[in-house]
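Asker: Build me a model from this:
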Amino acid sequence: MECSLPAPPAAGGGGAAISCMLDSSKQRLRGPPVGSPPQLFDDTSADLGPPHAGPAAPAIDMGFGALLPGPVADAAAAYGASLASHGQDVMHTELQRFVAGSRLRHLFAVDTAYVARKLGLLLFPFAHQHWELQTSHDLPLPPRQDLNAPDLYIPTMAFITYVLLAGMALGLQDRFSPEALGLWARRALGWALAELLALLLGLYVAAAPGALGLCDLLAYSGYKYVGMLLAVLGGLVLGPDGFHVLFAWTSCALAYFLARSLRTKLSPAEGLGAPRGAGRGRSYLPLAVAALQPFVAYWLTAPLLS
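Answerer: Predicted coordinates:
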């Protein structure tokens, strides 16, 4: 074997070995020597170019566009967007059938002056003269601008305060426990639901299903908690006699307030197209609601002091 690169003296035999390896690799690239056996496959490694010489492979799109042509994919995406928008509109419409967001904001539009005046009206309604609801551009005014308008702020706060007062009353009588407080809260919620169903049934029987909304019914039926709070506080401070006196007064005041307020909302139907007996039913329904509230209030307050 001929070595073209002699090793330097300091390198020793290692440099000669490297020269011989380089020379043998050159002979392999030139081809087999004469008289050697033929190769089974031709060596084509020298014909390959550099690794990045060829064109870049096209990117593989694994998205929705790889399955459908461009126009079809665009049409499918547009149809999906319209379907989602339509579903959102339908859901919003169905929710507004039961509780409308604008109606809730309207019923909670109160201020301090309105709350003070409305509490005075609930406890002393006999001197009040004008019970008609005020409107502006055929729309009812919010509670802070109309004392006769129903609201949900006072019933909600009164219900929460009632649950807390029930716990305090049970604690003063050494009957408090988390289970007892939860029982009173569930009882109050159950009666509220039963009242709501009864009022809806009464509106249906009176042929006035759209005269009062769900939020209006919750507001009018929730005003009784104001008198209940006053009666329970009187019973805790003054004893059973104070409870009965205050409960009688607040019950009469609530019945008068509901009868006059609901009378303006459930005026007798007019016109030849009104159902037969609808006017009589609408006249009796406020009286029935006003008579029902004191019984429910007594059931939810008297056991707290016994």
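Asker: quick one, helices of this structure?
Answerer: 13-30, 70-98, 101-107, 112-123, 153-172, 178-205, 214-222, 224-238, 240-265, 278-301 (DSSP state H).
Asker: Which of the ones you listed sits closest to R144?
Answerer: The closest of the helices of the chain to R144 is helix 112-123. By Cβ to Cβ, the value is 4.6 Å. Backbone N, C-alpha and C define where each C-beta goes, glycine included.
Asker: pLDDT on the closest one, on average?
Answerer: Mean per-residue pLDDT for helix 112-123: 96.
Asker: who's in contact with it?
Answerer: Counting contacts by Cβ atoms under 8 Å, 6 or more residues apart in numbering, the residues outside helix 112-123 that touch it are 110, 128, 143-144, 147, 151, 153-154, 223, 226-227, 230, 249-250, 253-254, 257.
Asker: Out of the residues you listed, which end up buried?
Answerer: Burial by neighbour count, 16 or more other Cβ atoms under 10 Å: within these this picks out 110, 143-144, 147, 151, 153-154, 223, 226-227, 230, 249-250, 253-254, 257.
Asker: tell me the two of those residues that are most distant?
Answerer: R144 and W249 (27.2 Å).
Asker: where does the chain dip in pLDDT?
Answerer: Across the chain, the ranges flagged by pLDDT under 70 are 1-77, 79-80, 82-101, 209-210, 267-282.
Asker: Please repeat the previous calculation with a cut-off of 90.
Answerer: Residue ranges of the chain with pLDDT under 90: 1-106, 130, 135-140, 173-178, 180-181, 183, 198-216, 262-289, 292, 305-306.
Asker: which residues sit against stretch 192-202?
Answerer: Stretch 192-202 is contacted by residues 159, 209, 212, 214, 217-218, 221-222, 285, 288-289, 292, 296 when judged by Cβ under 8 Å, 6+ apart.
Asker: Would you write out the ChimeraX command that picks the buried residues out of those?
Answerer: Buried residues within those, by 16+ other Cβ under 10 Å, are selected in ChimeraX with:
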select :159,212,217,218,221,222,285,289,292,296
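Asker: Nearest to A169, out of the contacts of stretch 192-202: which one, please.
Answerer: Ranked by distance to A169 (Cβ to Cβ), these are led by F159 at 15.5 Å.
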